[in-house]
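Q: coords below, sequence missing:
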């Protein structure tokens, strides 16, 4: 078994929850409320801006030109993604200069700190985050169509092109490590999965700093 397959298999219980999360189901069946959508849009924009900085650090950390080419090739799509967030926010009259929620700040901090733990852990974090988003939005795509008001986002993260990028990351991870994955890699992947779930929880229910202990 490859490392990428092992990580998914070891976290199959949580992974099933990602693709069947109430936020994901509501986005698919058209019952997602505007409040939850607006929270997701502003919080995910904050995360993606940090994610771009993370990807830049990974390009510097990559061990060879093949890996650097693969990672750097994602920047145009990532910029298009950020532009999509900004267009949608403008259409909905939403300011994007918002305070990140505790979960958004924690998840973004995890991603930005990963390069300090080296290339295998950083690549694992990147693969986990991208695989989670592709699988979640692909499950939304199966339940809806182009008439959905959320279609631009659904199409962005469930497209064949994005799926190929995620598969290429899996191949790069499998070329970097052989199974079984070392403990630090297993720990990094599970943290990503847990943060993905907490992020969906936070934007769906509405997380506030006032609700957490000071």
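A: Right, received. Where do you want to start? Being a predicted model, the structure only gives us computed values, none of them experimental.
Q: May I ask which helix or strand encompasses the residue nearest the centre of the chain?
A: Closest residue to the average C-alpha location of the chain: residue 129 at 3.9 Å, with CA atoms, centre = their mean. In this assignment (DSSP states H and E), residue 129 forms part of helix 119-141.
Q: Which other helices and strands does that helix contact?
A: When contacts are defined as 3 or more CB pairs under 8 Å, 6 or more residues apart in numbering; DSSP states H and E, helix 119-141 packs onto helix 3-10, helix 12-19, helix 22-29, helix 34-61, helix 102-113, helix 151-158, helix 160-176, helix 183-205. (C-beta placed from N, C-alpha, C; glycine too.)
Q: Need the ones you listed in CSV (columns: mean pLDDT and mean neighbour count).
A: Listed next are the helices and strands packed on helix 119-141 as CSV, based on pLDDT from 0 to 100; neighbours: other CB atoms under 10 Å:
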stretch, mean pLDDT, mean neighbour count
helix 3-10, 96, 19
helix 12-19, 91, 14
helix 22-29, 88, 18
helix 34-61, 95, 18
helix 102-113, 97, 18
helix 151-158, 86, 17
helix 160-176, 96, 16
helix 183-205, 95, 19
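Q: Minimum distance to residue 140: which of these has it?
A: Nearest of the helices and strands packed on helix 119-141 to residue 140, taken as CB to CB: helix 22-29 at 4.3 Å.
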